[in-house]
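**Q** Pasting a predicted model and its sequence here:
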Amino acid sequence: QVQLVESGGGLVQAGGSLRLSCAASGGTFSSYTMGWFRQAPGKEREFVAAISWSGRRTGVADSVKGRFTISRDSAKNTVYLQMNSLKPEDTAVFYCAAARQQIPIPLTSNDYDYWGQGTQVTVSS
């Protein structure tokens with residue numbers, strides 16, 4: 001059983017930056033594709049970014065491409081989401097997730113096996 005704990009959320013002004021972290025435990029970190037999703041009030045959960053077990057392959061949603069970067073540190077069993085140029089429409093609860101599927105990189109929530117509890121990101125205008 002994999003446990004995922006997100007941190008790094010908070011309140012930031014538009015144009016600012018935040019870095020989310022997700023610490024994994026209870027499993028073999030390198031065996032999983034790691035992803036970030038978000039859910040805004042009244043909306044469905046949507047894919048943000050994912051990274052392969054090796055870190056060599058990534059997938060990023062068009063809505064955040066060029067602004068968000070996903071990375072992972074296998075030594076720390078942690079995946080990160082660096083978010084720059086934040087916009088009010090980025091306001092959401094951000095969730096970390098782990099998937100056994102490796103190829104292709106999973107892009108939908110149904111493909112992920114484990115989830116964190118979420119961290120709130122609020123971007124003020």
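**A** Perfect, I can see it now.

**Q** Contacts only, for the residue lying closest to Gly16 once chain neighbours are set aside.
**A** In space, and not counting its chain neighbours, Gly16 is closest to Leu86: 5.4 Å by Cβ to Cβ, 6 or more residues apart in numbering. No exception for glycine: its C-beta is placed from N, CA and C like everyone else's. By Cβ atoms under 8 Å, 6 or more residues apart in numbering, the contact list for Leu86 reads 12, 14-18, 67, 121, 123.

**Q** Tell me if I am right that Leu86 is in a helix.
**A** No. Leu86 is assigned coil when assessed by DSSP: H, G, I helix; E, B strand; the rest coil, not a helix.

**Q** okay, now Met83: neighbour count?
**A** Met83 has 26 neighbouring residues, counting by other Cβ atoms under 10 Å.

**Q** what sits against it?
**A** 17-20, 64, 67-68, 90, 121.

**Q** so it bridges to which residues?
**A** Beta-bridge partners for Met83, by DSSP bridges, are Leu18, Phe68.

**Q** Without its sequence neighbours, what residue ends up closest to Ala40?
**A** Ala92 (4.2 Å).

**Q** if I look at the one you found, how far off is Ser7?
**A** When distance is defined by Cβ to Cβ, to the nearest Å, Ala92 is 16 Å away from Ser7.

**Q** okay, those two: which has more neighbours?
**A** Ala92 (22 against 14).

**Q** doesn't Gln39 make contact with the more buried one?
**A** Yes. If you go by Cβ atoms under 8 Å, Ala92 and Gln39 touch, sitting 5.6 Å apart.

**Q** which secondary structure element contains the residue most central in space within the chain?
**A** Nearest to the geometric centre of the chain sits Trp36, at 2.1 Å (Cα atoms, centre = their mean). Taking DSSP states H and E as the criterion, Trp36 maps to strand 33-39.

**Q** Please enumerate residues in contact with that strand?
**A** Residues from elsewhere that reach strand 33-39 (Cβ under 8 Å, 6+ apart): 20, 22, 24, 45-53, 70, 72, 79, 81, 90, 92-102, 105-106, 109, 112, 118, 121.
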